[in-house]
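Visitor: here is my input, please return the structure:
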Amino acid sequence: MSERLERLVESALDPEQLRLYRQICEGPRAAIRSFALRDRSGSLNGPFGLMLQVPKLGQPLQDLGAALRFHTSLGDRERELLTLRAAVALDSEFEWYAHEHAGREAGLSVDDLLALKAGTYVPRDQAEERLVGLADILLAHGEVEDATYADLAGALSAEQILEVIILVGYYRTLAQMMRVFAIGSPTED
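Guide: Predicted coordinates:
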C-alpha cells in the first residue's frame, strides 16, 4: 500500500512546520544514527512526517517522544526492550526499523531481538519481568487487576509504572497514525 499523504519537503513548510522540522532534525534525535530520519528529498520518515501535518499537535507529540527517549528513569536497555515489544505487538514496521539498532546498542543481543520478533522473549530478571509484564498487559487490553497492580507496585516505583504506561500509549499512537496513513519503514532508494 502506498502512503496516503503527500510527503512534506522543507521548502514547502510554513513557519510553524519549519520550526518543528528543525527541532526534529537538529535536536537529540539528529545524533542518533540508527535510522534514516529523512529520505533523500529531505522529507521526514515515519511518524515525524505526520507530526508536521498538524504542528500544534505534532510539537507536543514530538516533545513527549523526546522525553520518553532521553529523560526517563528507564535505562536504555529497558526502554528499547519495551519499545521493540510494542513495535511487535502493534505490528509497527517503522518502530521496529527505528529501534532495532538502538536495542542492540543498548545491550539486546541478536538472540534477544529474534525472540522479541517471534514473541518468545523471556525477561532476564524479576524487574525486567515486571516491566515487560506491565507493557504486555497494556498492549493486550490495558486493564490492570488489583492483584497484578499490587505485585507491580511492590517491585516498581510509581514513576516507572507511569513511564511504561506513557511509553506504550505513545507508541500505540504512533503505530495507529502510521497504519491509517500507510507509512512503513523507509525503503532503500
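Visitor: when you work out contacts or count neighbours from here on, use the C-alpha atoms and nothing else.
Guide: Will do.
Visitor: identify all contacting residues around stretch 40-59.
Guide: Stretch 40-59 has contacts (CA atoms under 8 Å, 6 or more residues apart in numbering) with 7-10, 16-17, 20-21, 24, 36-39, 61-62, 94, 174, 177-178, 183-186.
Visitor: residue 92 versus residue 34, what's the distance?
Guide: For residue 34, the distance to residue 92 (CA to CA, to the nearest Å) stands at 17 Å.
Visitor: residue 138 and residue 82, how far apart?
Guide: Residue 138 is 11 Å from residue 82, by CA to CA.
Visitor: which neighbours do those two have in common?
Guide: residue 168.
Visitor: looking at those two, which one has more neighbours?
Guide: Counted by other CA atoms under 10 Å, residue 138 and residue 82 do not tie: residue 82 has more neighbours, with 26 against 18.
Visitor: distance of that one from residue 112?
Guide: Distance, residue 82 to residue 112, using CA to CA: 12 Å.
Visitor: same question, residue 105
Guide: 12 Å.
Visitor: which one's more surrounded, those two?
Guide: Neighbours per residue (other CA under 10 Å) separate residue 105 from residue 112, with residue 112 holding more: 18 against 14.
Visitor: quick one: that one and residue 119 touch, right?
Guide: No. Look at residue 112 against residue 119 with CA atoms under 8 Å: they stay out of range, at 10.3 Å.
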